[in-house]
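Visitor: show me the folded form of this:
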Amino acid sequence: MKKPIFEKKDILIVEDEVSLSKQLKWGLRQIYNVTTTNNAKNARKLLKTTFFPVITLDLGLPPSPDTSEEGFRLLKEMPTLAPYTKVIVITGNDEQDNAIKAISLGAADFCAKPIDLDMLKIILERTFKISELEKENRRAEQLEEVEHSLCGIYGKCQIMKELFSSIRQVSDTAYPVLILGESGTGKEMVANAIHQLSSKSNQSLVAINCAAIPENLLESELFGHEKGSFTGADAVKIGRFEKGHDGTVFLDEIGDMPMGLQAKLLRFLQEGTIERVGGTETLKLNVRILAATNVNIRNAVSKGKFREDLFFRLNVVPINIPPLRKRPEDILFLMNHFMEKESGNLKRTDIVVSRAAQNALKQHSWSGNVRELQNRIRRALASLEGNLITPGELGLEDTTPEPLGEDETIEANSVVTLKNARIEAERLAIQAAMAAASNNISKAAKLLGTSRPTVHNLLKKYKLG
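Guide: Numbering: from 1, shown residues only. Predicted structure coming up:
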């Protein structure tokens, strides 16, 4: 038996009219592996167990075949059932409103009854192409994330490449590391990366926030205490340093450590020993110290708020994490990463970040850095009613430039003809919409406020397809 010259693609036909279902299966069998079902219940089972890149969905399904209720219910469930499956809705000629509603709910396309098989084949071919393009985009994004990430830290700009290199270099040593960076830049993630890549990665990483614990309790938390050493000390307490023996201790916000404890930390860095509060026994420990602060530590030293000798002991290998405003080329890269992660958790694959929202992200000052970016995306997804994120959902102002006013002028030598300006604006708008919609023509049409056929024609016109 001769093998087929191409591998057939899988398609699911959800159609309750037996004669039409058989007709479609017969007409498409030479091109596709066709699976059919006549009800939504079986469709759900099939979608959970088998990946179909494309399905056709008749909206009139039992138990209410004379209405579109069951079909729309299944369509609404698609982001959860099969987030990457494209749906082509089958409608009657007089059901244009249903077709429009289906597209707004995420359907990739529609085909009217009575079905023209040749037209359906064209729609299927186009929809499969979109599915494959999106699959390639997802694969490219995954490869990009792997290439531009280190232990959960993401960045593709040159300054982040240098940071990744520094992390790898310091992880090979046992020296103390001082991690400097503004709030929200990811200091704890850098400490975690250094530990993961070090020879101590199979041992504990013990973290403590020096600013979050009251001064009178911090010493006991760090060094432990003996039973009866103070009121309430009913038993021996093992401190964080002992728990980190043979591993790593991460001292976050060390710039807020009281001066008295700074002296004890200095002693440990010099001698490798501690004594529990109320104890007399000297304990020898093998602990690597990683410390971090968002305080300007040199200013703190000059003002007498941080010991200079401790600063020099900790600053053997400094790591400076850049603020997000210093790496603007990473903003949309991080946006895509967080969108992929957070929308995946919500099982939503139909969400698009508008061009205006992207511009607002790029122009924001990011005083809260990467943490602020992630939180704004989470906020937008939590409150989103449709599938388009605007600046408002992100809590940002729309920074899209306003048209020139009547009293505003431009240089004469920068004037182009209105015809050429319209052509260029139209071409750029199509490119931007297709990029924002991950090459989904229906979504791009919605973003542009036009019809799907118009977008098809424009893609052909500007040779962008």
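
Visitor: alpha carbons only for contacts and neighbour counts from here, please
Guide: Fine.

Visitor: where does this structure dip in pLDDT?
Guide: Counting by pLDDT under 70, the chain shows low-confidence ranges at 1-6, 93-94, 141-146, 349, 399-425, 435-438, 465.

Visitor: OK, contacts around the residue in it sticking out farthest from the centre?
Guide: Distance from the C-alpha centroid of the chain, by Cα atoms, centre = their mean, peaks at Thr280 (51.4 Å). Thr280 is in contact with no residue at all, counting by Cα atoms under 8 Å, 6 or more residues apart in numbering.

Visitor: how is the protein divided into domains?
Guide: Domain assignment of the chain by automatic domain parsing yields the ranges 9-145, 154-322, 328-401, 415-465.

Visitor: show me what the strand or helix carrying Lys22 is packed up against.
Guide: Under the criterion DSSP states H and E, the helix or strand holding Lys22 is helix 18-28. In terms of contacts (3 or more Cα pairs under 8 Å, 6 or more residues apart in numbering; DSSP states H and E), helix 18-28 is packed against strand 32-37, helix 117-147.

Visitor: residues contacting the shortest one, please?
Guide: The one in question is strand 32-37. 8-16, 21, 25, 28, 43.

Visitor: secondary structure, distance to Val352 and neighbour count added to those, as JSON lines?
Guide: Listed next are the contacts of strand 32-37 as JSON lines, based on DSSP: H, G, I helix; E, B strand; the rest coil; distance: Cα to Cα, whole Å; neighbours: other Cα atoms under 10 Å:
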{"residue": "Lys8", "secondary structure": "coil", "distance to Val352": "31", "neighbour count": "13"}
{"residue": "Lys9", "secondary structure": "strand", "distance to Val352": "27", "neighbour count": "13"}
{"residue": "Asp10", "secondary structure": "strand", "distance to Val352": "27", "neighbour count": "16"}
{"residue": "Ile11", "secondary structure": "strand", "distance to Val352": "26", "neighbour count": "24"}
{"residue": "Leu12", "secondary structure": "strand", "distance to Val352": "26", "neighbour count": "24"}
{"residue": "Ile13", "secondary structure": "strand", "distance to Val352": "28", "neighbour count": "21"}
{"residue": "Val14", "secondary structure": "strand", "distance to Val352": "28", "neighbour count": "25"}
{"residue": "Glu15", "secondary structure": "coil", "distance to Val352": "30", "neighbour count": "25"}
{"residue": "Asp16", "secondary structure": "coil", "distance to Val352": "33", "neighbour count": "20"}
{"residue": "Ser21", "secondary structure": "helix", "distance to Val352": "34", "neighbour count": "18"}
{"residue": "Lys25", "secondary structure": "helix", "distance to Val352": "34", "neighbour count": "19"}
{"residue": "Leu28", "secondary structure": "helix", "distance to Val352": "33", "neighbour count": "17"}
{"residue": "Ala43", "secondary structure": "helix", "distance to Val352": "27", "neighbour count": "21"}
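
Visitor: out of these, who's nearest Thr49?
Guide: The shortest gap between Thr49 and any of those belongs to Ala43, at 10.1 Å (Cα to Cα).
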